[in-house]
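>>> quick one: sequence plus predicted model below, questions after.
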Amino acid sequence: MLKKVGKSLYERQKPSLLNLILDIIIVFICLVFVAEIIFNTYYTNIYIKGKSMLPTLIGAPTGGNKSKMEPGGDYVFVNTHAEPDYFDIVVVQTADNNGIPYDIIKRVVAFGGDTVKLDRGQLYIKYKDSDEFLKIEEDYLSDEYNNAAHAKNTFEEHLVAENCMFLLGDNRDESADSRDRGDFPLSALVGVVTDWSIKNKGWITSLYTFFEFTLGLNRLSRKLNGD
């Protein structure tokens with residue numbers, strides 16, 4: 001009799017398949033939630049606007065209203081804890097004439113103490129501890145966006161201030177960068193664009209475009225000015 005009662009209690013306490021599946025789902029949701037918190041601590045997704053980083057990154061058209069979101073731009077991720085290195089693509093914060101802050105995306109070509117110059121689209125750098133200029137090969141550029149005859153693509157020697165970066169857009173013909181605005185302080189750095197997000201920007205862009213423009217979930221963290 002006792003064996004039968006014990007067996008009956010065991011059968012009643014034994015978890016059902018449904019409960020097991022629910023437990024697995026709850027654990028999975030918790031793990032995803034924790035992973036997203038950790039991921040968002042180090043990375044933020046950004047949406048590219050404008051032509052300044054062509055052909056590396058495609059930006060959505062800005063039109064007359066730079067604050068309006070339009071489809072067509074790439075999505076990439078920025079590591080907000082990374083230190084920039086030469087030729088990294090970075091996001092920095094600047095301000096307009098009214099003092100309103102906004103983000104721009106450019107490529108770091110030099111740091112404090114370096115001297116830079118452009119000669120008909122060709123970049124030369126004299127590094128801080130060097131006595132001569134080095135010709136820099138920039139395989140990320142395209143002649144379509146780096147016209148040797150364009151006046152902007154010849155730039156006299158410039159010594160970068162300490163604790164600053166000299167930034168250029170990959171679309172040298174149209175980018176508003178350090179040639180116009182001077183050096184950018186390291187303190188203005190938002191983060192460094194990750195190599196993995198640039199390499200995988202196709203499916204990342206498709207995913208975020210679907211959520212942002214098709215479903216209208218507005219999950220975008222930051223959008224960039226089209227300069």
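Yep, that arrived.
>>> quick one: the strands in the protein, in order.
43-47, 75-79, 89-95, 101-111, 115-119, 122-126, 134-135, 155-159, 164-168, 184-185, 189-193, 222-223 (DSSP state E).
>>> helices or strands up against the longest one?
Counting by 3 or more CB pairs under 8 Å, 6 or more residues apart in numbering; DSSP states H and E, the packing neighbours recorded for strand 101-111 are strand 89-95, strand 122-126, strand 164-168. Heads up, the C-betas are built off the backbone N, CA and C, glycines and all.
>>> so which of those strands comes closest to Tyr47?
strand 89-95 (11.2 Å; CB to CB).
>>> buried stuff in the closest one?
89-92 (16 or more other CB atoms under 10 Å).
>>> from those residues, which is closest to Gly50?
Val91 (13.3 Å).
>>> how many other residues sit next to Lys199?
For Lys199, the count of nearby residues is 10 (other CB atoms under 10 Å).
>>> pLDDT wise, what is it at?
As predicted, Lys199 sits at a pLDDT of 95.
>>> show me what contacts the nearest residue in space to Glu132 that is not next to it in sequence?
Closest residue to Glu132 apart from its sequence neighbours, by CB to CB, 6 or more residues apart in numbering: Lys126 at 6.4 Å. Lys126 makes contacts with 114-116, 132-134, as judged by CB atoms under 8 Å, 6 or more residues apart in numbering.
>>> same check on Asp173?
Applying CB under 8 Å, 6+ apart, the residues near Asp173 are 145-147, 150, 152-153.
>>> can you do 10 Å?
51-52, 54, 121, 144-147, 150, 152-153 (CB atoms under 10 Å, 6 or more residues apart in numbering).
>>> likewise Thr194?
Counted by CB under 10 Å, 6+ apart, Thr194 has contacts 42-43, 76-79, 82, 88-89, 200.
>>> please redo it, this time with the cut-off set to 8 Å
43, 76-79, 82.
>>> can you redo these as TSV with distance to Leu159 and neighbour count?
Putting those into TSV (distance: CB to CB, whole Å; neighbours: other CB atoms under 10 Å) gives the following:
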residue	distance to Leu159	neighbour count
Tyr43	34	19
Val76	31	29
Phe77	33	22
Val78	28	25
Asn79	29	18
Ala82	26	16
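>>> quick one: which of those residues is nearest to Asp103?
Val78 (9.3 Å).
>>> which residue, neighbours along the chain excluded, lies closest to Arg181?
Thr94 (7.2 Å).
>>> same check on Asp227?
Nearest one to Asp227, counting by CB to CB, 6+ apart, is Ala176 at 4.1 Å.
>>> show me how this structure divides into domains.
Following the assignment in automatic domain parsing, the chain carries domains at 2-40, 44-223.
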